[in-house]
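> A structural model of the following input is requested.
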Amino acid sequence: MTKSKFLDLAKEFAYSGISGRYLNFEMISAFLLEYKVQKSMLGFSVEERPIPFLKFGSGSKRILMWSQMHGNESTTTKAVVDLICFLKANPDFLARHDLQLGIIPMLNPDGAHRYTRENANKIDLNRDAQELSQPESRFLRHVYQLFKPQLCLNLHDQRTIFGVETPEINPATVSLLAPAFNPERNFNPARLQAVHYINVINRELQNYIPNQVGRFDDSFNLNCTGDTFQNLGTPTILIEAGHFPNDYQREKTRNLIFVALLSTFSNYHENVIVDTEISEYLKIPQNQPLFFDIVYKNVKINYANSDFLINFAAQFVEEFAENSIFFRAKLRKLEENAIFVGHKTYDFNGEVAQLNYNDLLESSNVDANFTVGTQQIRNGHVIADNRQTQEYE
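Down below sits the predicted model:
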């Protein structure tokens, strides 16, 4: 299998029964039943929803991965489902690489049900690695202790605000991190191993999303699962699924997470020499909050009997209702001299807006519905345009 085929495989094995941003346990359960996936172990959430642990392969090299620790972060779960489809169709893949995979496809089914970051007790499971106060956290630790992984993959989503400067500004479609194991953020053998495989993933992803891979912030917090496992001596990688242009349902990012996973498995060796790889890892640009979903440029407003030419923005807020996600655009004021880029940009070239400037000053909960010249903006986007508006993708 050549590396150039990874994205083709992602598309080929994308499971059509699951798509979009909302993904609950019933959907996962139906998939596991359809594909006759046997559960190796079962935990339970606060509200007694099942948390299946799945094992694939019988190799000597063990990799543990878990997804949807935050219930509203479903992109990596879709990629895990696709991976299972691939493994079912290619039963010799893990044997060829002497691998055994342990997978928790959905660690937080209660949060997934409500589309919330926290679990049913309103606890962030990724801040519960020390107290282990929640049944979901205790189940993950129990699996970790029994499975004894040699590599852990902690799978998450990140918001559309994150981008990288390379030096041009691009969305951080995938972000990676070898979590720190101590406050000084030194590199011990476990972290060096994680660095090696992050470099493997990054090299592969650059074939598909050049200059759209970021390095996540490595501030140390032992309450975080990745930091704890790294501290315990197990190489751990954080993989964050981010925004690809015009892909708010994150179906393209889903494919790229599959690529990241398959490139790791295809190149996994328990003992590797990583002495020269820290510099390569640190060259991955750190992701930063650089983006708004929509930016409006050169808009004229009247405030206090004076005309002003301003730039402002809108950010989508995810609203959950009836098992679907609605993206509602809310106005955002741009800080003076701040770097800002829009995933979508409208340049109004000095046309006058019918907009209350106070809505921008108090913009945290004001819908992006207004008028500029003859153009109606509803939920952030121009819907009526009597002339050609200059837009930037």
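> would you mark the buried spots in the host helix or strand of residue 228?
When elements are defined using DSSP states H and E, residue 228 is found to belong to helix 225-231. Within helix 225-231, the residues that qualify as buried are 225-231, counting by 16 or more other C-beta atoms under 10 Å. For glycine as for every other residue, the C-beta is placed from the backbone atoms N, C-alpha and C.
> any chance of CSV for those residues, columns distance to residue 292?
Written out in CSV, the entries for those read as follows (distance: C-beta to C-beta, whole Å):
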residue, distance to residue 292
225, 30
226, 28
227, 30
228, 34
229, 34
230, 33
231, 36
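> can I get those residues in JSON lines including distance to residue 276 and pLDDT?
Putting the buried residues of helix 225-231 into JSON lines (distance: C-beta to C-beta, whole Å; pLDDT from 0 to 100) gives the following:
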{"residue": "225", "distance to residue 276": "29", "pLDDT": "98"}
{"residue": "226", "distance to residue 276": "24", "pLDDT": "98"}
{"residue": "227", "distance to residue 276": "25", "pLDDT": "98"}
{"residue": "228", "distance to residue 276": "28", "pLDDT": "98"}
{"residue": "229", "distance to residue 276": "25", "pLDDT": "98"}
{"residue": "230", "distance to residue 276": "21", "pLDDT": "98"}
{"residue": "231", "distance to residue 276": "24", "pLDDT": "98"}
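> now do the helices in the stretch 51-200 of the chain.
Using DSSP state H, counting those that start in this stretch, the helices assigned to the stretch 51-200 of the chain run over residues 75-89, 93-96, 109-114, 135-147, 189-205.
> count the neighbours of residue 40 for me.
The number of residues packed near residue 40 is 15, by other C-beta atoms under 10 Å.
> what separates residue 115 from residue 17, distance-wise?
Going from residue 115 to residue 17 by C-beta to C-beta, to the nearest Å gives 19 Å.
> the more surrounded of the two?
Regarding residue 115 and residue 17, a neighbour count based on other C-beta under 10 Å identifies residue 115 as having more, with 21 against 10.
> now the more buried one. Nearest residue, chain neighbours left out?
Excluding its sequence neighbours, the residue lying closest to residue 115 (C-beta to C-beta, 6 or more residues apart in numbering) is residue 320, at 4.0 Å.
> quick one, phi psi at the one you found?
Dihedral pair for residue 320: phi -100, psi 130, per degrees, to the nearest 10.
> how about the contacts made by it?
Contact criterion C-beta atoms under 8 Å, 6 or more residues apart in numbering gives 22, 72, 114-115, 326 as the residues in contact with residue 320.
> need these in a markdown table with pLDDT and distance to residue 276, can you?
Rendered in a markdown table, the data for these read as follows (pLDDT from 0 to 100; distance: C-beta to C-beta, whole Å):
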| residue | pLDDT | distance to residue 276 |
| --- | --- | --- |
| 22 | 98 | 44 |
| 72 | 98 | 39 |
| 114 | 97 | 46 |
| 115 | 98 | 43 |
| 326 | 96 | 48 |
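> if we can go back for a sec, tabulate the helices of the stretch 51-200 of the chain (CSV), appending distance to residue 120 and mean neighbour count.
Output for the helices of the stretch 51-200 of the chain, formatted as CSV (distance: least, C-beta to C-beta, whole Å; neighbours: other C-beta atoms under 10 Å):
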stretch, distance to residue 120, mean neighbour count
helix 75-89, 18, 23
helix 93-96, 34, 15
helix 109-114, 4, 24
helix 135-147, 9, 19
helix 189-205, 31, 21
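> tell me the pLDDT of the spatially closest residue to residue 60 that is not a sequence neighbour.
Closest residue in space to residue 60, ignoring its immediate chain neighbours: residue 98 at 5.6 Å, by C-beta to C-beta, 6+ apart. In this prediction, residue 98 carries a pLDDT score of 97.
> how near is residue 98 to residue 91?
14 Å.
> number of residues surrounding the closest residue to residue 355 other than its chain neighbours?
Closest residue to residue 355 in three dimensions, ignoring its sequence neighbours and counting by C-beta to C-beta, 6+ apart: residue 370, at 4.5 Å. As a burial measure, the neighbour count of residue 370 was computed by other C-beta under 10 Å and equals 22.
> just the helices in the stretch 201-350 of the chain please.
Using DSSP H, counting those that start in this stretch, the helices found in the stretch 201-350 of the chain span residues 225-231, 251-266, 278-282.
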